[in-house]
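# Here's my sequence, what's the structure:
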Amino acid sequence: MEKILGYGVILSFIFASFALTILIKQSLSFGKKSLFAEPGGDWKKGVAYAFAKGMMPWEKESARKHILTYLAGFLYHFGIFSGLIALFVSVFSIPIPPPLLLFLQILIGSGLICGAGLFIKRIFMGYMRQISCPDDFLANIIVDAFLLFSFLNISAPGYRTVLYTSAILMFVYMPLGKIRHCIFFFYSRILFGCFFGRRGVFPNKGPQIES
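Numbers count the residues shown, from 1 in each chain. Down below sits the predicted model:
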């Protein structure tokens, strides 16, 4: 059964990758707006800013005002990335040193705690609940289940069957719900950096005083 589910993980990952590629191509089919103004900056610097300094909490008002939520989200996504590494290490039986495996487990556990905390916040904070949709809750539950079984599987391989099952569910759901932002995040940040870098808005050089 584990071997069959292992193949299922690989196939569902291929499905998610293919479906996300199609979604990206569909977004490109809308065309690109022509820019007639002369460039005021370098789009490459804008992209570099968008993925580096622009991700820091002091550069984003919403993150600056909710620093704990920002840190929880950061650890949550880092835990998910670690869970994916641990998943494919398990599926392909890749030997890795026990200290590294323990480090992955700590990151996965931290991500799980933060994910559960964000889920509870979404339920009990009125303004968060009002702006949430069923997809917000379902996506969180699916990912948190994946993290839970990833964490347990490192300590007890007997959880491998439920880990693979949760991974297949996550990959299948990925292009259908909000989890698709795993790829659209990078796509949108590139477009964001290109546009505002070309305009000379990013990187922010601070107030300019003419002499």
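# Let's check: the centremost residue of this protein is which one?
The residue lying closest to the centre of the chain (Cα atoms, centre = their mean) is Cys182, at 4.1 Å.
# before we move on, which element is that one in?
For Cys182, the host element (DSSP states H and E) is helix 181-199.
# Give me the residues contacting that helix.
For helix 181-199, the external contacting residues (Cβ atoms under 8 Å, 6 or more residues apart in numbering) are 20, 23-24, 27, 35, 37, 39-51, 54, 174, 202-203. All C-beta atoms are positioned from the backbone trio N, CA, C, and that covers glycine.
# What's the ChimeraX syntax to select whichever of those are buried?
Selecting only the buried entries of the contacts of helix 181-199 in ChimeraX, with 16 or more other Cβ atoms under 10 Å as the criterion:
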select :20,41,43,46,47,48,49,50,54,174,202,203
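# Okay, buried residues for the helix or strand bottoming out on mean pLDDT in the chain please.
Least confident element among the helices and strands of the chain, by mean pLDDT, DSSP states H and E: helix 61-65 (a mean of 76). When neighbours are counted by 16+ other Cβ under 10 Å, the buried residues of helix 61-65 are found to be Ala63.
# Next secondary structure element downstream of it?
Using DSSP H and E, the helix or strand that follows helix 61-65 in sequence is helix 67-91.
# any idea of the angle the helix or strand following that next one forms with helix 67-91?
Proceeding N to C from helix 67-91, the next assigned helix or strand is helix 98-124, under DSSP H and E. For the pair helix 98-124 and helix 67-91, the angle between their directions (axes from the mean of the first three to the mean of the last three Cα atoms, to 10 degrees) equals 130 degrees.
# Work out the gap between the helix or strand following helix 98-124 and the centre of the chain.
Scanning forward in sequence from helix 98-124 by DSSP H and E, the next helix or strand is helix 126-130. Between the centre of helix 126-130 and the centre of its host chain there is 22 Å, according to Cα atoms, centre = their mean, to the nearest Å.
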